[in-house]
Every structure is written in structure tokens, then in C-alpha cells.
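Participant: no FASTA, just this:
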């Protein structure tokens with residue numbers, strides 16, 4: 001009886017090992033360049049968000065035709081300025097951006113105080129003599 005079980009388990013293992021080859025990666029059957037159709041990328045999209053409760057505004061617009069891409073995006077910075085980035089991407093020059101800012105930076109005295117101006121207060125103290 002044990003021999004029959006071992007033979008059945010052995011056959012099952014061989015079938016399982018053989019079936020893994022069925023899912024293995026293989027090159028396409030027809031890999032000639034003529035069989036693949038080349039299509040140039042072409043799209044245009046735009047989106048924007050304006051949240052009045054937080055005064056947060058941001059958005060993005062982009063258009064592409066083949067290798068040439070152009071677009072822009074903007075974001076409301078924490079200091080109150082609006083940062084705008086206009087860019088172009090083409091095959092030869094790569095990504096070229098123009099960054100501009102609108103408005104004047106404003107800082108609230110309490111919220112934007114620099115780290116150096118704040119008093120450092122450690123939460124925990126450590127005495128090296130206590131651990132010995």
C-alpha cells in the first residue's frame with residue numbers, strides 16, 4: 001500500500017513539474033519587426049483642484065504628440081505663493097522647465113518660526129551612570 005502511495009505521489013510530482021513549463025516565458029512566435037505596429041503617442045489632459053477651506057490650489061495640464069510633450073502644473077505653496085512650472089519635452093533636448101512664482105511669501109510669526117529660534121526641550125533625559 002505504501003509503495004502505491006509513493007508511486008502516485010511521484011507521478012503527481014512529475015506532472016506538476018512538467019506543467020510549470022507550460023507557464024514559462026517564451027519569445028513571441030512571430031518576432032519580425034514588420035508584425036509590430038508602431039503608433040505614436042498622442043494625448044491631451046487637464047485637471048485642477050481648488051479647496052476653499054484650506055486655500056489649496058493645484059493642477060496639471062499636458063499634451064503630447066509623438067516625442068514632443070508640453071505642459072504645465074501649479075501648486076499653492078505654504079508661504080502663500082503660487083508656483084507655476086511650464087515645461088517642454090522633446091527627443092533631443094529632454095525635459096526643459098520654466099519655474100515662476102506669483103505673489104509674495106508671507107510667514108506667520110508663530111507657525112513659521114525657524115527651528116533655530118525655538119527652544120530645544122528634550123522629552124527624555126538619559127544619564128549614562130544610571131544604566132551601570
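Facilitator: Nice, I can see it. What you are looking at is a predicted structure, and each value in this text was computed from that prediction instead of being measured.
Participant: quick one: name whatever helix or strand follows the helix or strand bottoming out on mean pLDDT in the chain.
Facilitator: Comparing helices and strands within the chain by mean pLDDT, DSSP states H and E singles out helix 2-20 as the least confident, with a mean of 73. Later in the chain than helix 2-20, the nearest helix or strand by DSSP states H and E is strand 42-51.
Participant: which helix or strand lies directly C-terminal to that next one?
Facilitator: For strand 42-51, the following helix or strand on the C-terminal side (DSSP H and E) is strand 56-65.
Participant: you'd agree residue 99 is up against residue 84?
Facilitator: Yes. With contact defined as Cβ atoms under 8 Å, residue 99 counts as touching residue 84 (7.3 Å). Bear in mind the C-beta positions are built from the backbone N, C-alpha and C, glycine included.
Participant: residue 76: how many residues sit nearby?
Facilitator: Neighbourhood size, residue 76 [other Cβ atoms under 10 Å]: 19.
Participant: contacting residues for it?
Facilitator: Contacts for residue 76 (Cβ atoms under 8 Å, 6 or more residues apart in numbering) come out as 55-58, 82-83.
Participant: identify the bridge partners of the spatially closest residue to it that is not a sequence neighbour.
Facilitator: Closest residue to residue 76 apart from its sequence neighbours, by Cβ to Cβ, 6 or more residues apart in numbering: residue 57 at 4.5 Å. Here residue 57 sits in beta bridges with residue 50, going by DSSP bridges.
Participant: gap between residue 57 and residue 74?
Facilitator: According to Cβ to Cβ, to the nearest Å, residue 57 stands 7 Å off from residue 74.
Participant: so between those two, which is more surrounded?
Facilitator: Neighbours per residue (other Cβ under 10 Å) separate residue 57 from residue 74, with residue 74 holding more: 18 against 14.
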